[in-house]
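Novice: for reference, the sequence and a predicted model appear below.
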Amino acid sequence: MSPIRIRTKERPVSTDDRPQDPSASSASGRATVGTGPGQPVAAGPDTTGPDTTGPDATEPAAVGPAPGGPGGSGGRRAARGSAVRGEVSLRAPKLPRWAPLLTALVATAAGALLALTLGWGLIAFAVVSAAVYAVALPAWALVVENRRSAVDRLITTLVWSAFAIALVPLVSLTWTVVSKGAPAFSAEFFTYSMRNVVGEGGGIYHAIVGTLLITGMAAVLSIPIGLMTAIYLVEYGAGRRPARVINFLVDVMTGIPSIVAGLFAFALFSIFFGPGVRMGFGGSVALSVLMIPVVVRSCEEMLKLVPNELREASYALGVPQWRTIVKVVLPTAMAGIVTGVMLAIARVAGETAPLLVIAGSTDSVNMNLFAERMMTLPVFAYYSYMQPGVPPQFGVERAWGAALALILIVMSLNLLGRLLGRLFAPKTGR
């Protein structure tokens, strides 16, 4: 009878099968090692006997008691059916994938039932449904999974709820402007001014021209000043007192109301041109006051992101500081600078208060920034809505159309800034 092999993952159910006579295993001529307390296991042929060079010496080591020993039958019984394999699951209970959807359906049904029963509106229905969902899903997770998973689902629900709340005014504003402003769009609306127009007809051509001219001049005034200020703060004035003063003034200018910028420009131009002055260039100066701190901050942050190793490598080659700034620092930060400048332009393009004070309004096209009043899209929308004329529906429609056109211009500037940022981004590939 062949010897029995014991598997390492098996353990005997009972310890009653231990051999009673240890000498029985030694009678087989093999050394034994126990698989349990006192149980022998054959480990190989006896190397002390005369048959160590015989054919039995090359046989695989047999595990188990000797066939004739008293413990042989017990070992065979353990090998046949008394081994138990233990398996421990490492996967904790988890909610099914459809649990959030089912909870949302139940919460919606509960909110709808309460809203219909008590006569609530849409807002109350949404609030109740969100509250039921925020309580039910974490509670279910706490019962099935664990406390950590329940807290995670609760925080996730709160984050998505905050995101949905933030989307409500954006979606509402977009829908209102598009639904009321799109009917006003036509070829006449973009190619005609309001000169000699009463009631139906007319367009925003003069307002578009004024917006582009005033905003463009404001950019021409603001970008060089803001960029040079940022270069001084990062490259020359770090840690110096003038830099700290400039930083303080930039922070103050960032928070001033836009009407203050308009009053500043009006007071400044009244000194040179007399009281009651109105011109487009004054509007550009007012917008530049609002735009400069935005340009300074955006350019400063982009210049700080340039690694100092690039500057040090340039200085090590004997390149002067101004040339390092022009050839190394600015090209590296150009993508972020362009993006920040475009966002600053988009930010001031929709300002109304300073232009009401200094630029005024007119129904005619004015291409001269330094003479007479100039109309802009924000001012046009304001006057068209506040003074729509008779009948009023045409003026209100033109106001919504001007608002939609202004939103499209600002959105286009933002998209253009992102595109230019990608074009000017440093090439990182090999």
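Specialist: Thanks, I have the structure now. All values derive from a computational prediction rather than experimental measurement.

Novice: how far does stretch 356-363 sit from the chain's center?
Specialist: 40 Å (CA atoms, centre = their mean, to the nearest Å).

Novice: how many neighbouring residues does Glu301 have?
Specialist: For Glu301, the count of nearby residues is 15 (other CB atoms under 10 Å). (Glycine included, C-beta is placed from N, CA and C.)

Novice: again, but for Phe190
Specialist: Other residues close to Phe190 by other CB under 10 Å number 13.

Novice: please apply the same query to Pro138.
Specialist: With other CB under 10 Å as criterion, Pro138 counts 22.

Novice: what separates it from Leu290, distance-wise?
Specialist: Applying CB to CB, to the nearest Å, the value for Pro138 to Leu290 is 46 Å.

Novice: for Gln387, same thing?
Specialist: Relative to Leu290, and taking CB to CB, Gln387 is found at 26 Å.

Novice: more neighbours: which of those two?
Specialist: Taking other CB under 10 Å, Gln387 and Leu290 do not tie; Leu290 has more neighbours (23 against 10).

Novice: show me the contacts for that one.
Specialist: Leu290 sits next to Ile256, Ser258, Ala261, Arg347, Val348, Glu351, Pro354 when contact means CB atoms under 8 Å, 6 or more residues apart in numbering.

Novice: just the ones of those in helices?
Specialist: Ser258, Ala261, Arg347, Val348, Pro354 (DSSP state H).

Novice: re earlier: can you tell me which of the contacts of Leu290 are buried?
Specialist: Ser258, Ala261, Arg347, Val348, Glu351, Pro354 (16 or more other CB atoms under 10 Å).

Novice: work out for me the element the residue minimising distance to the centre of the chain sits within.
Specialist: Central residue of the chain (CA atoms, centre = their mean): Phe163, 11.6 Å from the mean position. Following DSSP states H and E, one finds Phe163 within helix 147-181.

Novice: buried stuff in that helix?
Specialist: Ser149, Ala150, Arg153, Leu154, Thr157, Ser161, Val177, Lys180, Gly181.

Novice: can you list the low-confidence ranges for the chain?
Specialist: Under the criterion pLDDT under 70, the flagged ranges of the chain are 1-90, 426-430.

Novice: tell me the domain boundaries of it?
Specialist: Domain segmentation of the chain under automatic domain parsing yields 22-80, 99-184, 189-424.

Novice: now render those as TSV, adding distance to Ala92.
Specialist: Converted to TSV, the domains of the chain look like this (distance: least, CB to CB, whole Å):
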stretch	distance to Ala92
domain 22-80	34
domain 99-184	7
domain 189-424	44
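
Novice: so which of the contacts of Leu290 comes closest to Leu305?
Specialist: Nearest to Leu305 among the contacts of Leu290, counting by CB to CB, is Arg347 at 21.3 Å.

Novice: now do the SS call for Val328.
Specialist: Following DSSP: H, G, I helix; E, B strand; the rest coil, we place Val328 in the helix state.

Novice: which residues touch it?
Specialist: Val306, Leu310, Arg311, Ser314, Val319.

Novice: let's see that with 10 Å instead.
Specialist: Val328 is in contact with Val306, Leu310, Arg311, Ala313, Ser314, Tyr315, Val319, counting by CB atoms under 10 Å, 6 or more residues apart in numbering.

Novice: which of the residues you listed sits closest to Leu118?
Specialist: Val306 (61.0 Å).

Novice: what's the burial count for the closest one?
Specialist: Applying other CB under 10 Å, we find 19 residues neighbouring Val306.

Novice: go on, Gly274?
Specialist: 8.

Novice: what separates it from Phe163, distance-wise?
Specialist: Distance from Gly274 to Phe163, by CB to CB: 53 Å.

Novice: got it, and Met334?
Specialist: For Met334 relative to Phe163 (CB to CB), the value is 33 Å.

Novice: contacting residues for Val348?
Specialist: Counting by CB under 10 Å, 6+ apart, the residues that Val348 touches are 214-215, 218-219, 222, 258, 261, 284, 286-291, 294, 354-355.

Novice: typo on my end, Ala265
Specialist: Taking CB under 10 Å, 6+ apart, we find Ala265 in contact with 277, 279, 281-289, 354-355, 357-359.

Novice: apply 7 Å and report the result again.
Specialist: Applying CB atoms under 7 Å, 6 or more residues apart in numbering to Ala265 gives the contacts Gly282, Val285, Ala286, Pro354, Ile358.

Novice: okay, now the residue lying closest to Ile214 once chain neighbours are set aside: neighbour count?
Specialist: Distances taken as CB to CB, 6 or more residues apart in numbering put Gly283 closest to Ile214, at 4.6 Å, once the chain neighbours are dropped. As a burial measure, Gly283 scores 34 neighbours (other CB under 10 Å).

Novice: cool, and Leu356?
Specialist: A count of nearby residues for Leu356, using other CB under 10 Å, gives 18.

Novice: got it, and Gly318?
Specialist: Residues near Gly318, counting by other CB under 10 Å: 6.

Novice: helix, strand, or coil at it?
Specialist: At Gly318 the chain is in coil, as set by three-state DSSP.

Novice: what number of residues lie near Leu105?
Specialist: 12.

Novice: what does the host helix or strand of it rub up against?
Specialist: Of the helices and strands defined by DSSP H and E, Leu105 is found in helix 99-118. Here helix 99-118 makes contact (CB under 7 Å, 6+ apart) with Trp120, Ala124, Phe125, Val128, Ser129, Val132, Tyr133, Ala136, Leu137, Trp140.

Novice: got the angle between that helix and helix 147-181?
Specialist: Counting by axes from the mean of the first three to the mean of the last three CA atoms, to 10 degrees, helix 99-118 lies at 60 degrees to helix 147-181.

Novice: and the angle from the following helix or strand past helix 99-118 to helix 99-118?
Specialist: The helix or strand immediately downstream of helix 99-118 is helix 122-144, counting by DSSP H and E. For helix 122-144 against helix 99-118, the angle by the same axes, to 10 degrees is 140 degrees.
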